[in-house]
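Asker: Mind looking at a prediction? Sequence and model below.
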Amino acid sequence: MTLAIETHQITKLYGDTVANDHIDFSVIEGHIHAVLGENGAGKTTLVKILFGEEMPTEGEIKIFGKTVTIHNPAEALDLSIGFIHQHFTLVNEFTIAQNFALGIEPCNNLFFCDYDTVNKKVKNILDMLEMPLKLDVPVGSFSVEERQIMEIGKALYRGAQILILDEPTSVLTPQKIEKLLDILRKLRQEGKTIIMITHKLEEAFSIADEISVLRKGVLVATLPHDRVNREQLIRMMVGEEPLITLKKEDHPFGDALVQVRNLCVNNYDNRIVKNVSFEIHRGEIFGLTGVGGNGQAELVEALIGMRPASEGDIRFDGKSVVHWDIQKRRLSGMAYVPENRIERGAAVSLSILDNLVMGHHYLPEFHQGLLLKYKNLQSFARDIIKDFEVVASSLEINAGSLSGGNLQKLIIGREFSLNTPFLIVAYPSQGIDIRTTKYVHSELIRRRDTGYAILLVSGDMDEIFNLSDRIGVMYSGELVAITKPEEINRFELGQYMVGSRRNC
Amino acid sequence: MKAPHIVRRKIVQHALSFVSAIILALVIGLAMLALDGFALKDVINSAFSSTFASSFRFANMVSRMIIIILVALAAAIPFKAGIWNIGGDGQLAVGGFLTALAGFYIIGLPPVFHVSLAILAGMFGGALWASISAYIRLKFNANEIVTTIMMNYLAVLLTGYLVNYPFRAPGSSNAETSLIRESAMLTRMLPLSNLSSGMYVVLAAFLIICFIDWKTSWGYEWRVLGANDEFARYGGVKDKRMRFLSMIIGGALAGLAGAILVLGVNHKYMLGMGGGVGFTGVLIALIAANSPILILIVSMIFAILQSGMIGLESKLGVATEYSSILQSVIILLVITRSQAWSSISNLLTRRSLHGKHD
């Protein structure tokens, strides 16, 4: 049994935050190793260090028994380490061969490269991955899951023996996740070593030989998968605090606060949302789901006013708001927790205070004419930090220094404390640790019970099933189904999501 | 009035990096002059005396400084909101020209009202000129860096035509308007110096800008727009309106600079009277990271440098290009320094953490 990777006392500091605290981490060659942990536990930092995207503050790395210093990703590749990012790193306009060979093209001269050789090699790899893809079309024309697997293929093309995958299943549908896991098993048979970062216990159990758990920058334990159970793992991930279990009581809904009628949204000439109609009642969580990119994002943007509706009507509290700007809609009672926290939900270069103030600074208690009442704003911000358990040393630090989970709590705290009757919450648990997720879920239920109307957009089946009173499914821009969680099972929901079935 | 804590900490960091950059730049500048064969004692002496030897010289330095402050703020306010204003020179020219017209054609007003009206005319002219670029940017998404620079040329050519033909002072051989009425002239703080009571106007403008920046929703929304405009829009900020506003406030400040030059220094509009100070303003806004307090400090240093250089030129025959070289060195050093400073502060925090570990 040889070790593919062995780290000795790896420590990484960002400013005064300890991301990795003296970690001894080892991965057995030819095994699949799952790394579990809450957000901000230091998983991504650890693998970034292995891939040379970050340098450790202290500590030592051995790859196949040899002590190495990895300064950059190119050096990691030379050591046969391949990294599959959460986001795609493919050039959409290039073919698979052009992508795989980018920068290392076998060229005859300055102008002509030998893509036949590349294509042969690519075909071998794709065959092994059981992905018979067309070789002469641009990568952009392939689906998300195909591109995900292509990323793996690219690493293999470049000679990777050790593959590191950063939450590879987060963009995939359940059926496709199973396919990806099969591919990983196959790669294990071929002798590759695989490290997979994930939030999902099921995946770790179904595939990993060993499971490591990180918590607050410390490696809690590494255990073979047959010597540990769910309960133990969760406890290791969240510490000793008990998990809150959700209990949702049935209750009668109020009037329809939000009414969407035949809404269409265009992006230039492309119709992205097609004739969507639904309503959300007070006291109801309406779960909107679907495979990413089927119009959910655009529908939400049209609701809040960030994108114009090209046809149809949106009525809020009986009034048509379709021509109102964002500020007017927000002030009339809408709040929005966006899916992309860093691009839209926060200004990471500004202080926590500045980030919490947004939207509230229109409210009468925080301004007098143009003058902002900073004293009130500060005490209000401190309350949010406390109430929503944002871990931050002061109001003045940059929002960018918060971990993903803390930033999400900050955003949720800001939006929820507007106390608007309508909440749009998009992908609230994406990239968030279990504890924060539980917390967010219980907050959502609590608000539902006090009569808020909530639009929950999510791709996470558990989330949709556990929280929604009704479920809407979008496929190819249309709302293909509105149903209740108790009336369908996962398989049926999956069928709606991939468009093989509809009920409206 | 106190700046928020975070602002203060950033100011301190910036000020530290700036001071060290200035010192380094001066050392480099002196070394160059020494290599060129000048005696360092003479250089330092004449540079100092040209600014500080008499109250007259000092007043002229201050008068230079207040103009630089205005054009730097004119660039910094739009920068804050994430829109570029390189058009300070054009806004200054149009503002100055309108001020000269108001100063000449309005007759019979008491001085206070006449001066106020002429100043307002200048601010209006600058704001109007800036609003054109802002409108084109926000309506048609044309790059404002290009349009503000183009508007500089247009302003020079337009006012150039106007002061050469319709509005040229009778009998003058220069491209300039007639002298403004006595009732529109700002009182000189010192006989014959360039410093006028306009400095109080600038002081007031500066304080108002600080106030807007730190205490009002405008300042807040500009800050957020500059940091992440999608977040601002998401939060309900009317991005176009706020950017337009930042641009016309910037334009009004540059127009005010033109007005002060006309009412307090030249008493007429002369073609090219700004001398390209608008571009200096852009650079100062950049190195001062748009902070009003730092703009004040940096403008003072630049004003001292410029008047020191004039002294060197007249007394020792040092080439004026040294002044530009020195200013460029400072800018380069400040920009690299801010990076170096963050590395240094990282090092310091790392060390203190290690201390805790041991």
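Answerer: Received, thanks.

Asker: Please list all residues in contact with the nearest residue to residue B:223 once chain neighbours are set aside.
Answerer: Counting by C-beta to C-beta, 6 or more residues apart in numbering or on different chains, the nearest residue to residue B:223 once its immediate chain neighbours are dropped is residue B:80, at 6.2 Å. C-beta: built from backbone N, CA, C; applies to glycine. With contact set as C-beta atoms under 8 Å, 6 or more residues apart in numbering or on different chains, residue B:80 has these partners: B:213, B:219, B:222, B:223, B:225, B:226, B:246, B:290.

Asker: Export those as JSON lines, with columns for pLDDT, secondary structure and neighbour count.
Answerer: Output for these, formatted as JSON lines (pLDDT from 0 to 100; DSSP: H, G, I helix; E, B strand; the rest coil; neighbours: other C-beta atoms under 10 Å in any protein chain shown):
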{"residue": "B:213", "pLDDT": "94", "secondary structure": "helix", "neighbour count": "24"}
{"residue": "B:219", "pLDDT": "96", "secondary structure": "helix", "neighbour count": "22"}
{"residue": "B:222", "pLDDT": "96", "secondary structure": "helix", "neighbour count": "28"}
{"residue": "B:223", "pLDDT": "95", "secondary structure": "helix", "neighbour count": "22"}
{"residue": "B:225", "pLDDT": "96", "secondary structure": "helix", "neighbour count": "24"}
{"residue": "B:226", "pLDDT": "94", "secondary structure": "helix", "neighbour count": "21"}
{"residue": "B:246", "pLDDT": "97", "secondary structure": "helix", "neighbour count": "28"}
{"residue": "B:290", "pLDDT": "91", "secondary structure": "coil", "neighbour count": "23"}
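
Asker: Once you drop chain neighbours, what's closest to the residue of the stretch 201-350 of chain A found nearest chain B?
Answerer: Taking C-beta to the nearest C-beta as the measure, the point where the stretch 201-350 of chain A comes nearest chain B is residue A:327, at 3.5 Å. Counting by C-beta to C-beta, 6+ apart, the nearest residue to residue A:327 once its immediate chain neighbours are dropped is residue B:236, at 3.5 Å.

Asker: Surely that neighbour and residue A:326 touch.
Answerer: Yes - distance between residue B:236 and residue A:326: 4.7 Å, which falls inside the contact criterion (C-beta atoms under 8 Å).

Asker: Pick out the most distant pair among the contacts of residue B:80.
Answerer: B:213 and B:225 (13.2 Å; C-beta to C-beta).

Asker: Residue A:150: neighbour count?
Answerer: For residue A:150, the neighbour count with other C-beta atoms under 10 Å in any protein chain shown is 25.

Asker: Contact partners for whatever residue of the stretch 351-500 of chain A ends up closest to chain B?
Answerer: Of all residues in the stretch 351-500 of chain A, the one sitting closest to chain B is residue A:358 (3.8 Å; C-beta to the nearest C-beta). Taking C-beta under 8 Å, 6+ apart as the criterion, residue A:358 is in contact with A:414, B:224, B:231, B:232, B:235, B:236, B:237.

Asker: Weed out the non-buried ones from these.
Answerer: Among those, those buried by neighbour count (16 or more other C-beta atoms under 10 Å in any protein chain shown) are A:414, B:224, B:231, B:232, B:235, B:236, B:237.

Asker: okay, those in a markdown table with secondary structure and distance to residue B:103 next?
Answerer: Below are those laid out as a markdown table (DSSP: H, G, I helix; E, B strand; the rest coil; distance: C-beta to C-beta, whole Å):
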| residue | secondary structure | distance to residue B:103 |
| --- | --- | --- |
| A:414 | helix | 51 |
| B:224 | helix | 40 |
| B:231 | helix | 45 |
| B:232 | helix | 40 |
| B:235 | coil | 44 |
| B:236 | coil | 43 |
| B:237 | coil | 39 |
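
Asker: all strands of chain B, in order?
Answerer: Read by DSSP state E, chain B holds no strands at all.

Asker: how about low-confidence regions in it?
Answerer: Counting by pLDDT under 70, the low-confidence segments of chain B come to B:1-11, B:14, B:337-358.

Asker: And the buried ones among the contacts of residue A:358, which is closest to residue B:116?
Answerer: Closest to residue B:116 out of the buried ones among the contacts of residue A:358 is residue B:237 (33.0 Å), distances taken as C-beta to C-beta.

Asker: ok, now which ones touch the nearest residue to that closest one once chain neighbours are set aside?
Answerer: Distance criterion C-beta to C-beta, 6+ apart; nearest residue to residue B:237, sequence neighbours excluded, is residue B:221 at 4.8 Å. Applying C-beta under 8 Å, 6+ apart, we find residue B:221 in contact with B:81, B:232, B:237, B:242.

Asker: Output the set of residues of the stretch 201-350 of chain A in proximity to chain B.
Answerer: Taking C-beta under 8 Å from any C-beta of the partner chain as the test, the list of the stretch 201-350 of chain A residues beside chain B reads A:304, A:306, A:325-327, A:330-331, A:336, A:338, A:343-350.

Asker: Break chain A into its domains for me.
Answerer: Per the record's domain assignment (automatic domain parsing), chain A is made up of the domains A:3-238, A:255-333+A:421-433+A:450-504, A:342-419.

Asker: Closest residue of the stretch 51-200 of chain B to chain A?
Answerer: Ranking the residues of the stretch 51-200 of chain B by distance to chain A (C-beta to the nearest C-beta) places residue B:82 first, at 11.1 Å.

Asker: separation between that residue and residue B:224?
Answerer: Residue B:82 sits 9 Å away from residue B:224 when distances are taken as C-beta to C-beta, to the nearest Å.

Asker: The residues of the stretch 201-350 of chain A next to chain B in helices, which ones?
Answerer: In this view, these that belong to helices under DSSP state H are A:304, A:326, A:327, A:330, A:331.

Asker: Quick one, which of those are buried?
Answerer: Neighbour counting over those (16+ other C-beta under 10 Å) leaves A:304, A:326, A:327, A:330 as the buried ones.

Asker: Tell me who's in contact with residue 303.
Answerer: Let's take chain A. Under the criterion of C-beta under 8 Å, 6+ apart, the contact list for residue A:303 reads A:258, A:260, A:314, A:334, A:424, A:455.

Asker: To clarify, I was referring to chain B.
Answerer: Neighbouring residues of residue B:303 by C-beta under 8 Å, 6+ apart: B:61, B:62, B:64, B:65, B:68.

Asker: any chance of the residues you listed in TSV, with distance to residue A:30 too?
Answerer: Compiled in TSV, the contacts of residue B:303 are given as follows (distance: C-beta to C-beta, whole Å):
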residue	distance to residue A:30
B:61	75
B:62	76
B:64	74
B:65	72
B:68	68
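
Asker: out of those residues, which one sits closest to residue A:225?
Answerer: Distances from residue A:225 to the contacts of residue B:303, taken as C-beta to C-beta, are shortest for residue B:68 (68.6 Å).

Asker: How many residues are close by that closest one?
Answerer: Other residues within reach of residue B:68 by the criterion other C-beta under 10 Å amount to 24.

Asker: Specify the beta-bridge partners of residue A:472.
Answerer: According to DSSP bridges, residue A:288, residue A:482 are recorded as the beta-bridge partners of residue A:472.

Asker: separation between it and residue A:376?
Answerer: Noted for residue A:472: a distance of 39 Å to residue A:376, by C-beta to C-beta.

Asker: Among the two, which residue is more densely surrounded?
Answerer: Counting neighbours by other C-beta under 10 Å for residue A:472 and for residue A:376 shows that residue A:472 has the greater number, 25 against 14.
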